[in-house]
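# Here you go, sequence then predicted model.
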Amino acid sequence: MAEAVTSKAVTSKSMALAKAINESLRRALESDPKVLIMGEDVGKLGGVFRVTDGLQKDFGESRVIDTPLAESGIVGTAIGLALRGYRPVVEIQFDGFVFPAYDQIVTQLAKMHARSLGKVKLPVVVRIPYGGGIGAVEHHSESPEALFAHVSGLKVVSPSNASDAYWMMQQAIQSDDPVIFFEPKRRYWDKAEVNTEAIPGPLHKAQVVREGTDLTLVAYGPMVKLCQEVAAAAAEEGKSLEVLDLRSISPLDFDSVQASVEKTRRLVVVHEAPVFLGSGAEIAARITERCFYHLEAPVLRVGGYHAPYPPARLEEEYLPGLDRVLDAVDRALAY
Amino acid sequence: MAEAVTSKAVTSKSMALAKAINESLRRALESDPKVLIMGEDVGKLGGVFRVTDGLQKDFGESRVIDTPLAESGIVGTAIGLALRGYRPVVEIQFDGFVFPAYDQIVTQLAKMHARSLGKVKLPVVVRIPYGGGIGAVEHHSESPEALFAHVSGLKVVSPSNASDAYWMMQQAIQSDDPVIFFEPKRRYWDKAEVNTEAIPGPLHKAQVVREGTDLTLVAYGPMVKLCQEVAAAAAEEGKSLEVLDLRSISPLDFDSVQASVEKTRRLVVVHEAPVFLGSGAEIAARITERCFYHLEAPVLRVGGYHAPYPPARLEEEYLPGLDRVLDAVDRALAY
Amino acid sequence: MTVESTAARKPRRSAGTKSTAGKTTTARKSPSTDPQLVQLLTPEGERVKNAEYDEYVAGITPDELRGLYRDMVLTRRFDAEATSLQRQGELGLWASLLGQEAAQIGSGRATREDDYVFPTYREHGVAWCRGVDPTNLLGMFRGVNNGGWDPSSNNFHLYTIVIGSQTLHATGYAMGITKDGADSAVIAYFGDGASSQGDVAESFTFSAVYNAPVVFFCQNNQWAISEPTEKQTRVPLYQRAQGFGFPGVRVDGNDVLACLAVTKWALERARRGEGPTLVEAYTYRMGAHTTSDDPTKYRADEEREAWEAKDPILRLRRYLEASNHADEGFFAELEAESEALGKRVREAVRAMPDPDHFAIFENVYADGHALVDEERAQFAAYQASFADEGGH
Amino acid sequence: MTVESTAARKPRRSAGTKSTAGKTTTARKSPSTDPQLVQLLTPEGERVKNAEYDEYVAGITPDELRGLYRDMVLTRRFDAEATSLQRQGELGLWASLLGQEAAQIGSGRATREDDYVFPTYREHGVAWCRGVDPTNLLGMFRGVNNGGWDPSSNNFHLYTIVIGSQTLHATGYAMGITKDGADSAVIAYFGDGASSQGDVAESFTFSAVYNAPVVFFCQNNQWAISEPTEKQTRVPLYQRAQGFGFPGVRVDGNDVLACLAVTKWALERARRGEGPTLVEAYTYRMGAHTTSDDPTKYRADEEREAWEAKDPILRLRRYLEASNHADEGFFAELEAESEALGKRVREAVRAMPDPDHFAIFENVYADGHALVDEERAQFAAYQASFADEGGH
Ligand SMILES: Cc1ncc(C[n+]2csc(CCOP(=O)(O)OP(=O)(O)O)c2C)c(N)n1
Ligand SMILES: Cc1ncc(C[n+]2csc(CCOP(=O)(O)OP(=O)(O)O)c2C)c(N)n1
Ligand SMILES: [Mg+2]
Ligand SMILES: [Mg+2]
């Protein structure tokens, strides 16, 4: 969570990540009549992950909108609503279903502000439950964040825990820029303390979640928890790993990564997305440029393979796991 | 051009790049009755760049098909035709118009072979005139190749000259995998000798187009010519640059890049696409890993900025040009 | 201009939509009374005459009628088995076709061997008609593959999960049939929810412009997960076709005879070079969307109960019995056959091996890819390191 | 099964399409004889009665009629000026509206100030009606910006180049109007080619389901670059709407009065909460697709000549003259005004400064972005290095 400078015990409660987003959406709906929720099954059902549970009941069909089954239509009409002054938060049901909306996102949502020389603002949040590890069928486990981060005009974020999920959603909705909000679906049920009064740090700032001296692990979304486990395991072997939760992929907080690497001199980046042209490529390229004389080892990357996300019974092999990350850590330390 | 091992003067003629593709498509239509050409305005008009000029006249409306104005439909029906045994070569009129087809490309075209455990093959070529430098309006100058190269199941290539254009198109059509064929539109009118009898080297092999010893410049498509000019200018200053034409972005011939960098110890990658998460990021990350002890300087990248492709009167500032590449070369050499 | 003032406008439609949104069925026309609905068998199992479509089932034999009944019963049995296998943890997910047997068997049996079928993820009954071994369908739901049968063995394409995409593949395939000068036809399945996808509209446009021999078979089962059909359209879906220049027809999707007849008619139009047709099979998803879904969150039990009276299997049984086309022995034998099928499926699923780890790297490309090769080698070395060291 | 055997099948439609594909106009219905075509002024300038739509122009004054004429003349003059500025190298490209003045002025003048307009890249006449300074439209064609006017100043959205996208923005905007309880309406322009895009179909679905106050105004100018309308549809486009549950109407797009009346009717329906309407304005693209295009490659001169007889400006002039609503003085004055407009546009374009180089980094984000800041700083340093050293 972004530096919570104040906290009263009474305003902090333990919440699952999905529930934290639900509460955050509720707060946004309450505090700004222009906020809308849109998507397939977000209304009566409350979303297939129940992230919007109860919102239509409390805010009505005019604010929490079950849409036709058409993702381009969802994003395209959200753009129109934003032009009219609304702040739509749209849900794409699963990662693999965002592509029918890709044209509207890349060509319209991302570029209209620039096209208008700043006259038009499109405060649209596109929520995408993403990533694997839940034993799902095809198209329900992908990590397409690089395909959005490469596109200027979009901001791309992904919380790793309930508290960040709560606050980053608040900030994403308040942002006047379109934000692609990747929700780590396999962490939906993970609980954490959420202080709904804490003043959060900036949305796009990375966070050191564990300090260390020998090597930096960079991750975001679902992989942060894994990296914390890796760091704990490594600690038992006497290795001190620093874990950085990026939180934001565009913009990416290179300053924080650089600061950590200047200290540890070694960097491993972990994400579920395929390594080839994944966000780790950019981090490796840029940090190598920034820290050329500091790095004792090349930046190593652990991620998905250059293959379609495999059937559920193979996902454990496909996804970065404790051993694979430790293996990369060992290799980096061996330089 | 991929190593032309034999050449009879009589079979070699000077051709513009667009014409070379036209001739290559004609040859494919002649030699395989299953080859089809599809797209908007590809028939009677011969395409907005005349790349398919005369083909409908000679092969009929059943082989060279003017389609409705719907890119998803074009790629989606091409998939169906491929399932029926055809080998469609589809044209997307401009780079910026490929996104309505992105879902069909990423989710269906790229993945159906794996989904079928290899039973289904989709030999579809998607031709995309891409890149800037022609003074066009919005959406007509983009370089989205990274958005395809990140996706497994696709192959992504881009020729830099007429001879490669001719032969790479032959090979792309013969490939049993889907190939995204990025055509450097600002080089369409550049002429080169094309030997239509030469036996080409592998489609996915990079080519050293200028030898050098001090630094390697890696490029593909429209930027190869620029890099050759840069190398010529640098030579006048006594710097010996090697220029490598990648030709293929997925797979990417890292072995050739590595071999060159092991010799020159410095690498600058140039592309028109935005630097952030562009293909240069992957090259920098991977070559740094492979050549960690060889590199005298970090891999530097020259490319587009993290901003929508600008209006025509600004494109010269946005695109990598001679001075910007030379500047990067100087910076790399200064390490 | 506040949000509260929305009510001031009261468009007639919104009001109407609200009241029917999954709460009651009163606003919906009953399929058996809708004059637009092609029906050959009433819910009570009575054969009703239909001037237009009777000819397409005119020569049907008692044997064939029993065959349709058998298909529906075995499909339902298979479906129930799969649902229970999911509950037992043998499958990760199951999408039940319960209630849609007539739509699928009727249309599936209308196809010819050389026709080509593009299903969604719910066409288990159609797969059955095409001769696909039902256990093949379970691989993706078990998570051992993403499909994996050979579509060309039975001209039955892989299941398509991303909604609507397959309608374009079907159209392209049909365009290829025309180019080949063949007289086969294609049938593309999709749901009421899918009708909203741009791809489906584009497939209507392409098939109309190229006069492609394709039948669009929309199973309107009233629901797209939690959304009733009113969230996708405000007029009956079969009417969509007209504006693209080809006919649409609504058939009683719980009447296997009507589905057979209408689909035959549409396929024959396609063969004759008359182009595409849209068939809307008006039916009902009796179960949850998938085993992950809980329909009590969004729809009333009464709706389901009303549709139970229109059960597709029951109605054909009544007809078979009333017309003496099937005797006790037939039903008893079928019951035994059902049991055997259930057992075979159960055993086959349990015996299904997990895929080899290296399968991740297989079939990514037909002609190979250097990066895949490199990653496969790295993976092999990494795997081998555990054999050596016993891991971390 | 060879490709040659394709002919064996001969679907009736393909044969028909082939013969009309841009070669002759014989197979096309003439707009003035098509009974479905709403027309209030014949090509000869005679006012014909129309029971349904007359009321929408019943109160029109001679002054307003002259105003429509003036709008069309000035729009055409502006358009011609832009074309010649392109030839002179002052613009990179121009998309001429020649021939479509009536469709644009008629529909544009039907809008109310609080209505909102979503254009394609060709709606220069509509922009004129909305009060957008024509020189503003030229920035993107000159290459100094990608649009850049403030849409909210005149409720006229930016030009949208990617075909069909704006129909969804229009629908969303209209949904917002409903939420606000306002009675404004939205009009979305698109072409015959655009009708094939999935986005357009999705906008029909959304607008119907939410009963959004939007008018879809399709200028069927017979061509999408080189493709005749037959490549997009095999039935008249206005019929598309019906299958989505709202009315479609075809209007003579070269008849400014009819376009005004029909659009008013549709906008009023929207205001009354009756939802979307599709208006197909049947017209003709008299010029090239853009200045980059060469229509002689794909269409016959005779087609264009036939449409010249239906010129929208000529027909209103005939009416004005015959009804004595305008005298020589009016026409002479307008001629002078035209010249002045041409001159003003010419001068304004030539005076248009190139954008500052740093504009690349402006307005990428509303709230800023670290990478953009970093790249801007690098760019500044790089630029500055030339000032110091004089460059390479
Ligand atoms: C493009 C896309 N968006 C969302 C989904 C998630 N999804 C799966 S099934 C479904 C509902 C489909 O409804 P319908 O088309 O009526 O078919 P049915 O499930 O009723 O058979 C949804 C929204 C998807 N698979 N693909
Ligand atoms: C998605 C997309 N595909 C292709 C193009 C290229 N293109 C520009 S205009 C045009 C034809 C449009 O025809 P129509 O919709 O009839 O409008 P018109 O130009 O006739 O006004 C095409 C294909 C585009 N702009 N966007
Ligand atoms: Mg359904
Ligand atoms: Mg047109």
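Received, thanks. Ligands and ions are numbered 1, 2, ... in the order given.

# Only C-alpha atoms from now on, for both contacts and neighbour counts.
Will do.

# Can you tell me the closest non-neighbouring residue to residue A:86?
residue A:34 (4.7 Å; CA to CA, 6 or more residues apart in numbering or on different chains).

# and that neighbour, how many neighbours does it have?
Applying other CA atoms under 10 Å in any protein chain shown, we find 21 residues neighbouring residue A:34.

# Pretty sure it sits against residue A:87.
Yes. Between residue A:34 and residue A:87 there is a contact under CA atoms under 8 Å: 5.6 Å.

# Let me see the contact set for the residue nearest to residue A:86.
Contacts for residue A:34 were tallied using CA atoms under 8 Å, 6 or more residues apart in numbering or on different chains; they are A:85-88, C:3.

# Just the buried subset of these, please.
Among these, those scoring as buried are A:85-88 (criterion: 16 or more other CA atoms under 10 Å in any protein chain shown).

# ok and the residue in the stretch 101-250 of chain A nearest chain D?
residue A:116 (4.2 Å; CA to the nearest CA).

# Can you check what pLDDT the model gives that residue?
Turning to residue A:116, the model gives it a pLDDT of 98.

# What sits closest to it if chain neighbours are left out?
Using CA to CA, 6+ apart, the closest residue to residue A:116 is residue D:148 (4.2 Å).

# what about that neighbour, how many neighbours?
Neighbour count for residue D:148, taken as other CA under 10 Å: 22.

# Could you do the one 3 residues further on as well?
The burial metric for residue D:151, expressed as a neighbour count using other CA under 10 Å, is 20.

# Quick check: it touching residue D:137?
No. Using CA under 8 Å, residue D:151 is not in contact with residue D:137, being 11.8 Å away.

# Would you check that residue A:230 makes contact with residue A:325?
Yes. Contact criterion CA under 8 Å: residue A:230 and residue A:325 qualify, at 7.1 Å.

# Per-residue pLDDT of residue 180, please?
In the absence of a named chain, chain A is used. In this model, residue A:180 is scored at 99, pLDDT.

# Actually, chain C is the one I wanted.
98.

# again with residue C:28
So residue C:28 comes in at 39 (pLDDT).

# Give me every residue in the stretch 101-250 of chain A lying close to chain C.
A:135-139 (CA under 8 Å from any CA of the partner chain).

# Show me the strands in the stretch 251-392 of chain C, by range?
Secondary structure of the stretch 251-392 of chain C (DSSP state E, counting those that start in this stretch): strands at C:277-282.

# Where does it get nearest to ligand 1, which residue?
residue C:289 (5.9 Å; CA to the nearest ligand atom).

# so what's that residue closest to, chain neighbours aside?
The nearest residue in space to residue C:289 (CA to CA, 6+ apart) is residue C:225, at 5.3 Å.

# Quick check: that neighbour vs residue A:40, distance?
9 Å (CA to CA, to the nearest Å).

# okay, these two: which has more neighbours?
Taking other CA under 10 Å, residue C:225 and residue A:40 do not tie; residue A:40 has more neighbours (27 against 19).

# any idea how far residue A:70 is from the more buried one?
8 Å.

# my guess is the residue of the stretch 251-392 of chain C closest to ligand 1 meets residue C:99, correct?
No. Counting by CA under 8 Å, residue C:289 does not reach residue C:99; the two are 12.0 Å apart.

# With neighbour numbers in mind, choose between these two.
Using other CA under 10 Å as the criterion, residue C:289 and residue C:99 rank with residue C:99 on top: 24 against 19.

# got a list of what the residue of the stretch 201-350 of chain C found nearest chain B touches?
The minimum distance from the stretch 201-350 of chain C to chain B, using CA to the nearest CA, falls at residue C:202 (5.6 Å). Contacts for residue C:202 (CA under 8 Å, 6+ apart) come out as B:70, B:72-73, C:168, D:196-198.

# mind redoing it with 10 Å?
B:68-74, B:76-77, C:167-168, C:171, C:208, C:244, D:195-201, D:232 (CA atoms under 10 Å, 6 or more residues apart in numbering or on different chains).

# Per-residue pLDDT of it, please?
98.

# how's chain A carved up into domains?
Domain ranges of chain A: A:11-195, A:207-334, per automatic domain parsing.

# for the longest one, how far is the first residue from the last?
One end of domain A:11-195 sits 6 Å from the other (CA to CA).

# all helices of chain A, in order?
Ranges of helices in chain A, per DSSP state H, are A:17-31, A:55-59, A:71-83, A:102-103, A:112-115, A:145-149, A:162-174, A:223-236, A:254-264, A:279-290, A:315-318, A:322-333.

# Cool, thanks, talk later.
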